[in-house]
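Colleague: here is a sequence with its predicted model. Questions after.
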Amino acid sequence: MNLNSFICTFSFLIAVAFVNILPEICSAQESDLKAKKPLASYLEQALANNDSLQAMRAKLRAISYKIPQAGVLPDPKLAVQYYLEPIETRTGPQQAALGITQGLPWFGKLALLRKLADHDQVIAGAELAATELDVARQVKETYIAYCFLGRSQQIFTDNLELLQYLEGIARDRYTGGKATYFDVLKVQTELAQTREKVRTLQDKTSYLRVQLNNLLGTDPELARPIPDTVPELALKKKEHVIYKLALEHSPLLTAAQERIAKTQTGTALTEKDFFPDFQVSLKTLFTGSAEYGNPPDSGSDPIIAGVSMNIPLFRERRHARVAEQKEALQSAQALQAEQKRGIHNRIEQALYTYQDAEHRVALYREELLPKVRQQLEVAVSGFQSGKNSILEIIDAEKSLLGFELAESRALTDKAIALAKLEAQTGIILADWRGNEE
């Protein structure tokens, strides 16, 4: 073996070895990334700064201020009257009047009004919790997509370096008459396609970075480190209890149940309109002294107490309002049933994705990747002995590239499915923080 052949073969083996030891290199980089715990930091930033959450929190605070306003008596009314022409009476001329009136709703109305305000606050709190879960899901999905992008870039970059080396080998062998020009063109074609894929992935980085920063409520162009591994997560709960957990913890169902309770309270309040509301009043008339004689109570200011009420005469209007509330109740109950079915469907879909991804991960790791790595070793051995051409190596390397990407894609699908399950159930189902440690 001459010196050039030795250098070429040695360099080629280094390149192949680099591909094989890639998992160890990535593990070291992953350790550095885990130490930073980027996902935990992103979730904290999103919960603190996300615009949707800020809006929902402001809405909740606004609704909480309505509670002190509800269920209280209306302000009393003070009436002052001055008679331009005093009214002459036996006891003297009435010159002015001063009265105060207080409205009194029918028994139980004020308590029901307070209860309606409480329902609104509970609904707003549940909607805020649902929004927090959805924002957390979006952050996790975007972060996982960012991880997959980084891992894909790493895989294609490694493949690009190997192809660049193989192009040199092909050129040398073509110059030495040991390879055809077709071999050189084949490698160069693969090289151009790989460069294009690397460029496409780099362009996609900007899109995902902006999406992530918008979720975190920060500058869209703020640089974010690109992870080069996809977290490996596992479902901590049994799959058959997921839907039961969602029924217990989902804030969407809490809000739906509270809307039903609110319409029931509204119905009870509307039925109170069949009874009268009252007004109590107290009035005094300022009276001057009698001009003639000295009648009893001359110049005395009479005090008048009164009670008035509205007459709920037009009952059709009230019956229509009760019917309206009953229809609203049926609507709320139907929406709750739809929410349950929707959550069930989304859970089943996410569970299917999770299970399918788990099977794919096992397939790639236990069967396909070991075999294709063995295939690559055989191709390299055949190339060194002159039995195989460079095309066999390229085919084996392309298969390895495809399976490594497919394995990362399966891990990504698995993690995204978990994020969706957590958004539906309202509880943490995987050790996201532990996965970063």
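Modeller: That came through fine.
Colleague: how about the strands in the stretch 1-150 of the chain?
Modeller: 77-89, 92-104 (DSSP state E, counting those that start in this stretch).
Colleague: hmm, Lys262 is touching His119, no?
Modeller: Yes - with contact defined as Cβ atoms under 8 Å, Lys262 reaches His119; the gap is 3.7 Å. Every C-beta, even on glycine, is put in place using the N, C-alpha and C of the backbone.
Colleague: sorry, back to before: for the strands of the stretch 1-150 of the chain, which one sits closest to Thr200?
Modeller: Thr200 lies closest to strand 92-104 among those, at 70.9 Å (Cβ to Cβ).
Colleague: list the helices and strands that closest one packs on?
Modeller: Applying 3 or more Cβ pairs under 8 Å, 6 or more residues apart in numbering; DSSP states H and E, we find strand 92-104 packed against strand 77-89, strand 278-287.
Colleague: give me the contacts around the longest one.
Modeller: In this case it means strand 77-89. Strand 77-89 has contacts (Cβ atoms under 8 Å, 6 or more residues apart in numbering) with 93-102, 283, 287-288.
Colleague: which helices and strands does the helix or strand hosting Thr200 pack with?
Modeller: Element membership for Thr200, per DSSP states H and E: helix 181-216. Counting contacts by 3+ Cβ pairs under 8 Å, 6+ apart, helix 181-216 packs against helix 38-49, helix 109-175, helix 390-425.
Colleague: return the most buried member of those helices.
Modeller: Highest mean neighbour count of these: helix 390-425, a mean of 21 (counted as mean count of other Cβ atoms under 10 Å).
Colleague: ok and that one relative to helix 181-216, angle-wise?
Modeller: 20 degrees (axes from the mean of the first three to the mean of the last three Cα atoms, to 10 degrees).
Colleague: and the angle for helix 390-425 with helix 109-175?
Modeller: Interaxial angle of helix 390-425 relative to helix 109-175 (the same axes, to 10 degrees): 170 degrees.
Colleague: how about low-confidence regions in this structure?
Modeller: Residues of the chain meeting the criterion pLDDT under 70: 1-37, 384, 434-437.
Colleague: ok, Leu98 - contacts?
Modeller: Listed by Cβ under 8 Å, 6+ apart, the contact set of Leu98 reads 78-81, 283-284, 286.
Colleague: again, only this time at 6 Å
Modeller: Applying Cβ atoms under 6 Å, 6 or more residues apart in numbering to Leu98 gives the contacts 80, 284.
Colleague: is it in a bridge, and if so with what?
Modeller: Val80, Thr284 (DSSP bridges).
Colleague: who wins on neighbours among the contacts of strand 77-89?
Modeller: Within those, most neighbours by other Cβ atoms under 10 Å means Thr287, with 22 neighbours.
Colleague: list the beta-bridge partners for the nearest residue to that one once chain neighbours are set aside.
Modeller: Nearest in space to Thr287, with sequence neighbours left out and distances taken as Cβ to Cβ, 6 or more residues apart in numbering, is Gly92 at 4.6 Å. Beta bridges link Gly92 to Thr89, judged by DSSP bridges.
Colleague: and the one 10 residues further on, by the same measure?
Modeller: When bridges are assigned using DSSP bridges, the partners listed for Gln102 are Val280.
Colleague: Val307 now?
Modeller: Val280.
Colleague: that one contacts Val280, correct?
Modeller: Yes - the criterion here is Cβ atoms under 6 Å, and Val307 meets it with Val280 at 5.4 Å.
Colleague: higher neighbour count, the two?
Modeller: Neighbours were counted for Val307 and for Val280 using other Cβ under 10 Å; Val280 has more, 15 against 9.
Colleague: run a quick check on the more buried one versus Thr101, I expect a contact.
Modeller: No - applying Cβ under 6 Å, one finds Val280 not in contact with Thr101, separated by 7.3 Å.
Colleague: for Val230, pull up the helix or strand it's in.
Modeller: Per DSSP H and E: Val230 is located in neither a helix nor a strand.
Colleague: any chance of the contacts of strand 77-89 in CSV, with distance to Gln193 too?
Modeller: Listed next are the contacts of strand 77-89 as CSV, based on distance: Cβ to Cβ, whole Å:
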residue, distance to Gln193
Pro93, 108
Gln94, 104
Gln95, 103
Ala96, 99
Ala97, 97
Leu98, 94
Gly99, 92
Ile100, 89
Thr101, 87
Gln102, 85
Lys283, 95
Thr287, 106
Gly288, 109
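Colleague: can you tell me which of those residues is nearest Ile169?
Modeller: Nearest member of those to Ile169, counting by Cβ to Cβ, is Gln102, at 98.9 Å.
Colleague: now the closest one: how far from Ser298?
Modeller: 32 Å (Cβ to Cβ, to the nearest Å).
Colleague: so the closest residue to Lys109 other than its chain neighbours: helix, strand or coil?
Modeller: Distances taken as Cβ to Cβ, 6+ apart put Lys272 closest to Lys109, at 5.1 Å, once the chain neighbours are dropped. The assignment at Lys272 comes out as helix when based on DSSP: H, G, I helix; E, B strand; the rest coil.
Colleague: relative to Ile144, how far out is Lys272?
Modeller: Taken as Cβ to Cβ, the span from Lys272 to Ile144 is 53 Å.
Colleague: spatially nearest residue to the most centrally placed residue in the chain, not counting backbone neighbours?
Modeller: Taking Cα atoms, centre = their mean as the criterion, Asp134 is the residue nearest the geometric centre of the chain, at 1.1 Å. The shortest distance from Asp134 to any non-neighbouring residue, by Cβ to Cβ, 6+ apart, is to Ala423 (5.8 Å).
Colleague: returning to what we had before: surely the residue nearest to Lys109 meets Trp106?
Modeller: Yes - between Lys272 and Trp106 there is a contact under Cβ under 6 Å: 5.1 Å.
Colleague: before we move on, the earlier item: run the chain-centre distance for the helix holding Thr200.
Modeller: Its chain's C-alpha centre and that of helix 181-216 lie 30 Å apart, by Cα atoms, centre = their mean, to the nearest Å.
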